[in-house]
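mind looking at a prediction? Sequence and model below.
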Amino acid sequence: MSSDSSKRADENMVDFAIVTPHAPGGTLSDFFDYLKRIKQPCDISADRTQVWFYGAPGELIRIPLECLEPVDEPARLRDLLQQRGVWVVSYLLAGDESHPANCFDYVCRDSNYSIEKLHAYARRDIRRGLRSFTIRLCTWDELEEKGFAAEADTAVRHGYAAPSPEGLKRKISQQRGTLFFEIWGAWDGDDLTAWLQLAKIGNWATIDVVRSCTKSLRLCPNNALLYAATRRILVEEKREYISYGLSSSQVNVDQLSMHKYKIRMGAEALPLHRVFVVHPLLRPLLTPRAVSLMWEKAAALMPKSKTLRKVAGMSKLLSGREKKALTWAEDKA
């Protein structure tokens with residue numbers, strides 16, 4: 001790679017919005033109104049600084065994730081659990097002796113984010129991705145037409161059942177034309193080989209979906225996408241932070257490789273305590289230790305079920321079987 005092309009990759013000199021403009025983003029109140037409009041279970045705090053949204057099937061999670069206030073209102077939690085289709089409510093607290101850390105929140109806040117500051121492996125892989133693909137924003141039509149291959153490959157690669165194209169189409173129909181979401185794609189000619197979804201809310205943003213075709217991984221499209229989107233949010237749009245999401249609560253997940261990847265890409269791993277409040281009807285099915293062990297065995301027998309893996313992981317925490325939830329991160333190799 002010539003010095004000129006290296007400098008071009010490092011400075012990210014690409015018109016990412018050549019096909020479609022960047023999403024402007026919206027307030028947390030705007031996001032709540034959007035959730036109501038698409039008829040998702042949700043709620044908003046009285047001061048409109050916290051929203052509970054349907055982060056996973058059957059679960060309401062509080063955002064921003066960086067809000068660590070205790071929820072000391074049992075009536076509030078009961079109301080959330082009474083919404084149709086809601087069986088679990090979750091939120092984050094600062095880890096302490098009473099609430100030991102059981103997850104990581106991955107956040108990048110560097111207003112001068114650049115490739116030179118990143119781990120050597122990350123620099124290498126970002127440059128490889130920028131050389132190999134055209135990184136730019138995608139239209140919703142492009143995602144609908146060409147994004148499913150990466151969606152399907154990612155699910156299978158992570159051990160899940162292959163998804164249906166209809167799921168992606170439903171998601172696109174809900175998000176098309178909103179203030180919040182934009183799709184970043186890694187293009188190889190006319191092929192959309194990888195893409196990520198970025199959501200902009202208030203003064204922050206989150207990357208909540210990353211999909212890629214398995215055959216492209218050696219050329220590092222995900223690294224190029226994550227770098228370009230992060231730099232756009234922190235340096236050009238000057239938002240306060242970007243979230244790379246939480247560590248998984250599922251069992252049988254390779255946590256360490258994703259942990260290392262996000263840290264090398266510039267994220268700080270914040271150890272926090274994730275609280276799960278389950279519907280009273282579910283508690284006897286999740287909290288006993290013997291039942292928790294049963295869920296874990298069931299997840300091992302049916303590893304393609306994302307729901308079983310999530311339920312087993314949550315039950316392991318609620319039953320007290322998980323004594324040191326983050327020991328996997330102690331491997332420094």
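Yep, that arrived. Since this is a predicted model, take the numbers as computed values, not measurements. Residues are numbered from 1 along each chain as shown.

look up the closest residue to residue 36, ignoring the ones flanking it.
residue 42 (6.5 Å; C-beta to C-beta, 6 or more residues apart in numbering). Placement of C-beta: from N, CA and C, glycine included.

what is the burial count for that neighbour?
20 (other C-beta atoms under 10 Å).

contacts only, for it.
Going by C-beta atoms under 8 Å, 6 or more residues apart in numbering, residue 42 touches 32, 35-36, 51-54, 60.

can you tell me which of the residues you listed is nearest residue 90?
Closest approach between those and residue 90, by C-beta to C-beta: residue 60, at 7.4 Å.

quick check: the closest one is in a helix.
No - going by DSSP: H, G, I helix; E, B strand; the rest coil, the assignment for residue 60 is strand, not a helix.

who's it bridged to?
When bridges are called by DSSP bridges, residue 60 pairs up with residue 54, residue 89.

that one reaches residue 44, doesn't it?
No - at 11.6 Å, residue 60 does not count as touching residue 44 under the criterion of C-beta atoms under 8 Å.

so what sits against both of the two?
Here residue 60 and residue 44 share the contacting residues residue 52, scored by C-beta under 8 Å, 6+ apart.

which one of the two is surrounded by more residues?
Per other C-beta under 10 Å, whichever of residue 60 and residue 44 has more neighbours is residue 60, with 26 against 18.

give me every residue that touches the residue sitting nearest the centre point of the chain.
Geometric centre of the chain, nearest residue: residue 208, 3.2 Å, by C-alpha atoms, centre = their mean. Taking C-beta under 8 Å, 6+ apart, we find residue 208 in contact with 197, 199, 245.

cool, and residue 54?
35, 40-42, 60, 85-86.

redo those as TSV? Include distance to residue 250, pLDDT and secondary structure.
Shown next, in TSV, are these (distance: C-beta to C-beta, whole Å; pLDDT from 0 to 100; DSSP: H, G, I helix; E, B strand; the rest coil):
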residue	distance to residue 250	pLDDT	secondary structure
35	24	97	helix
40	22	95	coil
41	21	96	coil
42	23	97	strand
60	18	97	strand
85	20	94	coil
86	19	97	coil
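
go ahead and build a ChimeraX selection from the buried members of the contacts of residue 42.
Provided next is the ChimeraX selection string for whichever of these are buried by 16 or more other C-beta atoms under 10 Å:
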select :32,35,51,52,53,54,60
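
tell me the two of the contacts of residue 42 that are most distant?
Taking C-beta to C-beta, no two of these sit farther apart than 36 and 60, at 13.6 Å.
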